[in-house]
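**Student:** Okay, here's the prediction I keep looking at, along with the sequence it came from:
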Amino acid sequence: MPFLHLIRKLLCPKATFAVEEQESGEPASIKQRGWRQWSFVSPPDAQSLFRGTSLGPGSAELAKYARFLVVSQSCDLVHHCYASEPVVEAYLCAPLAPDAQPNGNYTAGKNPRELHVPFVSNGTERWCRIHSNGRVLLPRYVLAGVDPDPSFVVPDPSVRVLQRWIINRVVRTAFPDAFNERTRRARGKLEDRLKKAGTHLLGLYVSLTSWDELGDDEVYEIDFVGLVAEGLAEGERQALVKALGEIAAAYEISDGVSVLDYRVQDEEEASMSLQRTHRLFPLDYLSLKESPGGELPSLP
């Protein structure tokens, strides 16, 4: 078995493509066809690819309307050697019904298992759903034989949401057990307030004076920063400021915890120092109330 064929078989064991198809299409064709990160595989092409992925056959409706969103870096997509870069990472992306509204609990990357994100389809905003278990590795050679879907585009704000959501899948904040125990009741207030006012929150960042386990005579000091998109309506911004204030008050009365500050800040103004001093507060449990962290949603 040729080495390249073996690599593809190991990485995509359920693929059903013929050997002749696997060996066709030069890597240079991928660049010529215009493939880059955040390109879409059109529904007709996705439908044929869908059967060869680890996702299985799925529903006929899903296969008919779903696209694959390519998330691999552009330089990896057009690499000259299939053996070095044999696969493309992509996510199955299904549009919401035309009259359906996105669920605010799944927008802006709050939940690491499901994302509702807007794209642009022929000049019109179109919301789509992505599941974490919709991630697939497609043989890269298939891109040499099809064109990207020009009818769907990822706008810059959605690119940032996607990047943050993908990163948060592998980078999650773990709080000290002592801090979690002291703030157990306060987290109920956080959940309640952000469920009502946190739809436009892109991320809640916190800093602690110590990320170690502290003794009963030591105090955790905490600082809250809520990031929002630039241009957020003033009424929505003030509602979020009020919610953060109520959350801070709940943490302040927790034994062994003191609140230093809380504020709402535009994402565009957030400095690199914020990333060094603060950590992203995990908000996934806000979306699935009955089970903190949530069950892994099944594909439709």
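**Tutor:** Everything's here; your move. Residues are numbered from 1 along each chain as shown.
**Student:** Run a quick neighbour tally on Val154.
**Tutor:** 20 (other C-beta atoms under 10 Å). For the C-beta atoms, the positions are set from N, CA and C on the backbone; glycine is no exception.
**Student:** repeat for Arg126
**Tutor:** Around Arg126 there are 15 residues (other C-beta under 10 Å).
**Student:** can you confirm it is in a strand?
**Tutor:** Yes. When DSSP: H, G, I helix; E, B strand; the rest coil is applied, Arg126 is found to be in a strand.
**Student:** Might you report the residue contacts of it?
**Tutor:** Pro95, Leu96, Pro118, Phe119, Val120, Phe152 (C-beta atoms under 8 Å, 6 or more residues apart in numbering).
**Student:** If any of these are buried, put those into a ChimeraX selection.
**Tutor:** Typed into ChimeraX, the line below selects the buried ones among the contacts of Arg126, using 16 or more other C-beta atoms under 10 Å:
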select :95,118,119,152
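**Student:** So Pro95 versus Leu69, what's the distance?
**Tutor:** 12 Å (C-beta to C-beta, to the nearest Å).
**Student:** can you give me the helices in the stretch 201-300 of the chain?
**Tutor:** Along the stretch 201-300 of the chain, the stretches classed as helices by DSSP state H, counting those that start in this stretch are 234-252, 272-277.
**Student:** which of these has the lowest average pLDDT?
**Tutor:** In terms of average pLDDT, helix 272-277 trails the rest of the helices of the stretch 201-300 of the chain, at a mean of 75.
**Student:** tell me what it is packed against?
**Tutor:** Helices and strands touching helix 272-277, as assessed by 3 or more C-beta pairs under 8 Å, 6 or more residues apart in numbering; DSSP states H and E, are absent.
**Student:** so how far is that helix off the chain centroid?
**Tutor:** 21 Å (C-alpha atoms, centre = their mean, to the nearest Å).
**Student:** can I get the helices of the stretch 201-300 of the chain in JSON lines with mean neighbour count and distance to Arg169?
**Tutor:** Shown next, in JSON lines, are these (neighbours: other C-beta atoms under 10 Å; distance: least, C-beta to C-beta, whole Å):
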{"stretch": "helix 234-252", "mean neighbour count": "17", "distance to Arg169": "25"}
{"stretch": "helix 272-277", "mean neighbour count": "10", "distance to Arg169": "17"}
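**Student:** Can you get me a residue count around Trp127?
**Tutor:** Residues lying near Trp127 (other C-beta under 10 Å) number 18.
**Student:** got a list of what it touches?
**Tutor:** With contact set as C-beta under 8 Å, 6+ apart, Trp127 has these partners: Pro95, Leu96, Ala100, Gln101, Pro102, His116, Val117, Pro118, Phe119.
**Student:** The same query, at a cut-off of 6 Å, please.
**Tutor:** Leu96, Pro102, His116, Pro118 (C-beta atoms under 6 Å, 6 or more residues apart in numbering).
**Student:** Distance check, it against Glu218.
**Tutor:** Counting by C-beta to C-beta, the gap from Trp127 to Glu218 is 46 Å.
**Student:** and what of Lys64?
**Tutor:** Distance from Lys64 to Glu218, by C-beta to C-beta: 59 Å.
**Student:** thinking again about what came up before, can you tell which of the helices of the stretch 201-300 of the chain is closest to Glu191?
**Tutor:** helix 234-252 (9.5 Å; C-beta to C-beta).
**Student:** Touching that closest one from outside, list them.
**Tutor:** With contact meaning C-beta under 6 Å, 6+ apart, helix 234-252 is reached by Ala186, Lys189, Leu190, Arg193, Ala197, His200, Phe224, Gly226, Val257, Val259, Tyr262, Val264.
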